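A.B. asks: starting from these lines, generate the structure:
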Amino acid sequence: MTLEDDSLEYHEADPPGKIEIATTKPTNTQRDLSLAYSPGVAGPCRKIAESPEKAYDYTAKGNLVGVVSNGSAVLGLGDIGATASKPVMEGKGVLFKRFADVDVFDIELDITDVDAFCETVAAMEPTFGGINLEDIKAPECFEIEDRLQDEMDIPVFHDDQHGTAIINGSGLINAADIVDKDLGDMKVVFSGAGASALATAHFYVSLGVDPDNIVLCDSTGIITEERAEAGDVNEYKRVFARDIEGGDLADAMEGADVLVGLSAGGIVSQDMVRSMADDPIIFAMANPTPEIGYDEGKNARDDTVIMATGRSDYPNQVNNVLGFPFIFRGALDVRASEINEEMKVACAEALAELARKDVPDAVLKAYGDEPLQFGPEYILPKPVDPRVLFEIAPAVAEAAMESGAAREEVDLDEYRNALEARVGKSREMMRIVFNKAKQDPKRIALAEGEDEKMIRAAYQLSEQGIAEPVLLGDQDEITTTIDDLGLDYEPTVNDPTTTEYDAYADRLHELRKRKGITRSEAGELVRTNTNYLGSVMVDQNDADALLTGLTHHYPSALRPPLEVIGTADDAEYVSGVYMLTIGNRVVFFADVTVNRETTADVLAETTRHTADLARQFNVDPRAALLSYSNFGSVEGAETEASRDAAAMLREDSAVDFPVDGEMQADTALVEEMLTDTYEFSDLDEPANVLVFPNLESGNIGYKLLQRLGDAEAIGPMLVGMDEPVHVLQRGDEVKDIVNLAAVAVVDAQERE
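C.D. replies: A predicted model of the protein is given here:
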């Protein structure tokens with residue numbers, strides 16, 4: 001089956017198309033409907049009539065963008081008309097929603113007259129918070145955008161022009177840095193002089209490129225003053241007419257530092273590339289065939305050639321999706337009246353900065369685990385990198401506020417938190433922990449310090465000020481890995497092969513001598529097993545917490561800290577807890593990793609410690625002891641343990657949170673069942689701490705919810721230890737290590 005066949009089947013599948021409208025408020029009862037429509041809707045209507053700005057408070061206007069086109073210049077298809085362009089505009093809506101949670105109405109107008117088009121779009125201003133113009137042919141697109149920006153008091157943005165300009169402008173910033181060239185000194189040649197080329201040329205000037213160093217070539221050749229005076233170019237091209245000799249693209253490229261291709265495929269040869277200045281930068285963005293192929297351009301010469309194309313199958317894809325969703329997100333959230341040059345530059349600079357940072361594991365996996373590291377083959381972030389939203393939208397919002405385009409002021413730290421809440425509850429919850437951790441970072445011993453993931457996690461923990469990581473392992477191997485990763489990082493390392501650890505060995509022997517460990521064996525364990533080394537470091541207050549387990553079986557990783565550190569004074573058992581987020585709901589699952597067999601005492605202690613953990617995330621705990629029985633409906637050993645544990649907790653004066661059981665899972669989670677069927681329950685709201693009757697049910701439960709319910713899981717977090725210790729799951733990603741390290745820091749803070 002061809003790609004076109006696949007695409008036709010994809011779009012035709014019921015329901016046809018790619019987008020739908022969903023309600024955001026309850027519509028289940030007659031009262032709900034009377035609030036949503038008549039007669040209740042009259043209230044917000046009257047408020048908006050009194051003050052039109054209230055539309056942002058009472059309607060979806062503030063998160064709604066109109067994607068508007070007449071289909072006169074659809075990429076790769078040309079003038080196909082308004083109706084035929086609808087799949088493209090729907091697709092644009094998908095990208096807005098997927099990457100920045102911006103809602104879209106796609107508007108296809110069967111209008112080619114500029115006056116009529118502008119009049120129609122301007123009349124829709126009450127509906128939208130912003131307008132994204134799309135696939136409108138030049139030169140009409142210039143006039144349309146200019147007029148609508150003047151006539152409308154909401155952002156109007158022609159992505160075909162500015163999106164391409166911003167993204168490759170960001171690439172230019174990084175490419176110039178890599179080849180050590182100053183933007184103001186570089187000669188830049190454009191192949192193409194259409195809407196995107198002209199917008200890019202203007203944007204390059206905003207970034208610092210000298211306009212006298214820009215040469216534009218259209219299908220006729222170099223745009224010179226002679227051609228301009230002869231009336232051979234339109235008013236938009238005339239801005240970049242140069243007082244130089246005429247010629248073709250090959251002539252223009254001689255000695256050029258940068259080639260920007262926004263024209264036609266295959267028109268640049270290797271000889272033309274060889275004529276350029278040292279270490280040339282080439283953005284060959286014609287689609288689907290670039291002006292010169294990626295490999296062909298790279299292999300044209302022996303020095304550094306930085307290549308970028310519009311294709312996803314080669315490094316450095318110039319992809320507009322890195323820009324428009326996040327630009328509009330930032331603009332909408334400060335109710336900007338426009339998207340000005342300062343906001344565009346802020347976007348480009350933030351993207352450039354993000355490309356210099358360590359890349360998350362999830363992004364690496366999405367691209368087949370290929371190495372992604374700042375350099376000639378990685379000058380732009382990948383679109384699936386979740387950090388793009390959290391870097392670009394705040395940068396755009398800040399620029400809007402500073403430039404006077406914003407009508408709402410936002411606190412940027414609070415705004416970043418709100419963005420994380422918008423795309424995932426787990427990120428919002430971890431932001432709470434990160435913020436606490438940054439107030440007083442603690443020393444975290446990372447047992448498998450030679451592992452690449454541990455090193456990258458240590459770098460992020462240090463860079464973000466979350467913790468003071470200590471890598472345990474071979475110093476030379478760690479240093480080599482850091483160099484290979486290109487990280488600017490000098491970590492704290494405890495190398496058991498080069499440092500004297502007699503005091504640690506003595507302490508381990510003291511703790512385990514009546515468990516069969518001799519002094520020589522203790523010395524060997526400290527030197528060869530970083531789980532023991534890290535555990536003794538925590539015991540001796542040379543580290544505040546320990547993370548391990550990335551390359552070990554869970555039981556073997558847990559055993560050393562249990563032997564050395566042990567349980568807390570008020571604990572006899574250790575339990576493993578996962579925090580799961582489903583939509584806007586947060587639930588803690590315990591115990592899911594440690595205790596195979598449980599008693600009422602184990603369940604009660606697990607509940608208390610899990611409730612304490614929930615409070616670290618600013619969650620007020622409500623605990624349910626789960627079973628297959630509801631409040632004595634079935635008698636059995638399992639139900640009895642859960643029932644007794646709940647009774648013990650309710651009778652304990654130190655327990656200051658609601659708890660009940662035994663109960664079935666749906667009873668614990670459905671408010672109507674608690675308040676109607678079991679109105680006697682001590683829980684009058686759904687539980688957020690779920691304590692399972694045994695390890696088997698807990699482990700099965702959280703994994704089913706994670707895989708079938710799309711729940712996001714953070715953990716496992718150990719509770720009941722005498723010091724903060726967490727055992728990772730084998731194969732965890734860098735973000736999991738960072739998350740658990742932050743939890744350990746907060747735990748250490750509270751113990752202090």
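A.B. asks: pLDDT (mean, whole number) over stretch 305-318?
C.D. replies: In this model, stretch 305-318 has an average pLDDT of 91.
A.B. asks: meant to ask about stretch 682-693
C.D. replies: Averaging pLDDT along stretch 682-693 yields 93.
A.B. asks: start to end distance for it?
C.D. replies: Terminal residues of stretch 682-693 are spaced 19 Å apart (CA to CA, to the nearest Å).
A.B. asks: now it: how far from the chain's centre is it?
C.D. replies: From the chain centre to the centre of stretch 682-693 is a distance of 31 Å (CA atoms, centre = their mean, to the nearest Å).
A.B. asks: swap in stretch 159-173?
C.D. replies: 21 Å.
A.B. asks: for the closest residue to residue 353 other than its chain neighbours, what are its contacts?
C.D. replies: Leaving aside its sequence neighbours, residue 353 sits nearest to residue 391 (CB to CB, 6 or more residues apart in numbering; 7.3 Å). C-beta: built from backbone N, CA, C; applies to glycine. Residue 391 is in contact with 350-351, 353-354, counting by CB atoms under 8 Å, 6 or more residues apart in numbering.
A.B. asks: out of these, the closest to residue 186 would be?
C.D. replies: Using CB to CB, residue 351 comes nearest to residue 186 of these, at 19.3 Å.
A.B. asks: the helix or strand containing that closest one packs against which elements?
C.D. replies: Following DSSP states H and E, one finds residue 351 within helix 341-355. Where contact means 3 or more CB pairs under 8 Å, 6 or more residues apart in numbering; DSSP states H and E, helix 341-355 is packed against helix 159-178, helix 195-207, helix 324-333, helix 387-403.
A.B. asks: what average pLDDT does the longest one get?
C.D. replies: Per-residue pLDDT over helix 159-178 has a mean of 94.
A.B. asks: how far out from the middle of the chain is the next helix or strand after that helix?
C.D. replies: Once the chain leaves helix 159-178, the next helix or strand it forms, by DSSP H and E, is strand 188-191. In terms of CA atoms, centre = their mean, the centre of strand 188-191 is set 34 Å apart from its chain centre.
A.B. asks: quick one: residue 441 and residue 467 touch, right?
C.D. replies: Yes. With contact defined as CB atoms under 8 Å, residue 441 reaches residue 467; the gap is 5.0 Å.
A.B. asks: any common contacting residues for those two?
C.D. replies: Common contacts of residue 441 and residue 467 (CB under 8 Å, 6+ apart): residue 745.
A.B. asks: comparing these two, which residue is more hemmed in?
C.D. replies: For residue 441 versus residue 467, neighbours defined as other CB atoms under 10 Å are more numerous around residue 467 (27 against 21).
A.B. asks: next one: the more buried one from residue 48, what distance?
C.D. replies: Using CB to CB, to the nearest Å, residue 467 is found at 49 Å from residue 48.
A.B. asks: quick one: pLDDT of the residue nearest to residue 353?
C.D. replies: pLDDT, residue 391: 93.
A.B. asks: cool, residue 729 as well?
C.D. replies: At residue 729, the model reports a pLDDT of 88.
A.B. asks: for it, which three-state class applies?
C.D. replies: State at residue 729, reduced to three classes by DSSP: H, G, I helix; E, B strand; the rest coil: coil.
A.B. asks: for the helix or strand where residue 576 lies, give the mean pLDDT please.
C.D. replies: Element membership for residue 576 (DSSP H and E) is strand 575-582. Throughout strand 575-582, pLDDT has a mean value of 91.
A.B. asks: who touches it?
C.D. replies: For strand 575-582, with CB under 8 Å, 6+ apart as the criterion, the contacting residues are 424-426, 429, 586-595, 602, 605-606, 609-610, 613, 617, 702, 705-706, 709-720, 727.
A.B. asks: pLDDT weak spots in the stretch 351-500 of the chain?
C.D. replies: Counting by pLDDT under 70, the stretch 351-500 of the chain shows low-confidence ranges at 368-369.
A.B. asks: swap the cut-off to 90 and go again
C.D. replies: 358-373, 383-386, 413-414, 416-433, 435, 484-488, 496-500 (pLDDT under 90).
A.B. asks: show me the helices in it, by range?
C.D. replies: 361-366, 387-403, 412-423, 425-439, 452-463, 475-485 (DSSP state H, counting those that start in this stretch).
A.B. asks: now render those helices as TSV, adding distance to residue 41.
C.D. replies: Formatted as TSV, the helices of the stretch 351-500 of the chain follow (distance: least, CB to CB, whole Å):
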stretch	distance to residue 41
helix 361-366	42
helix 387-403	31
helix 412-423	26
helix 425-439	30
helix 452-463	48
helix 475-485	57
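A.B. asks: between these, which gets nearest to residue 553?
C.D. replies: Ranking the helices of the stretch 351-500 of the chain by proximity to residue 553 (CB to CB) places helix 452-463 first, at 17.1 Å.
A.B. asks: okay, the angle between that closest one and helix 475-485?
C.D. replies: For helix 452-463 against helix 475-485, the angle between stretch directions is 80 degrees (axes from the mean of the first three to the mean of the last three CA atoms, to 10 degrees).
A.B. asks: identify the residues contacting the residue nearest to residue 392 when sequence neighbours are not counted.
C.D. replies: Distance criterion CB to CB, 6+ apart; nearest residue to residue 392, sequence neighbours excluded, is residue 326 at 3.7 Å. Going by CB under 8 Å, 6+ apart, residue 326 touches 99-100, 347, 388-389, 392-393, 396.
A.B. asks: 7 Å instead?
C.D. replies: 100, 388-389, 392-393, 396 (CB atoms under 7 Å, 6 or more residues apart in numbering).
A.B. asks: tell me which other helices or strands whichever strand or helix holds residue 649 touches.
C.D. replies: Per DSSP H and E, residue 649 falls inside helix 637-651. Applying 3 or more CB pairs under 7 Å, 6 or more residues apart in numbering; DSSP states H and E, one finds that helix 637-651 makes contact with helix 600-616, strand 623-626, strand 659-663.
A.B. asks: buried set for it?
C.D. replies: Within helix 637-651, the residues scored as buried using 16 or more other CB atoms under 10 Å are 638-649.
A.B. asks: do stretch 624-634 as well
C.D. replies: Neighbour counts over stretch 624-634 (16+ other CB under 10 Å) mark 624-631 as buried.
A.B. asks: what's the answer for stretch 424-434, then?
C.D. replies: Across stretch 424-434, burial judged by 16+ other CB under 10 Å covers 425-434.
A.B. asks: ok, now stretch 476-484?
C.D. replies: For stretch 476-484, a neighbour-count test (16+ other CB under 10 Å) marks 477-478, 481-482 as buried.
A.B. asks: what does the pLDDT read for residue 705?
C.D. replies: 89.
A.B. asks: domain assignment for the chain?
C.D. replies: Structurally, the chain divides into domains by automatic domain parsing as follows: 27-154, 160-318, 323-422, 437-564, 575-720.
A.B. asks: quick one, which of those domains is nearest to residue 17?
C.D. replies: Comparing these by CB to CB, domain 27-154 comes nearest, at 5.6 Å.
A.B. asks: quick one: average pLDDT of that closest one?
C.D. replies: Averaging pLDDT along domain 27-154 gives 92.
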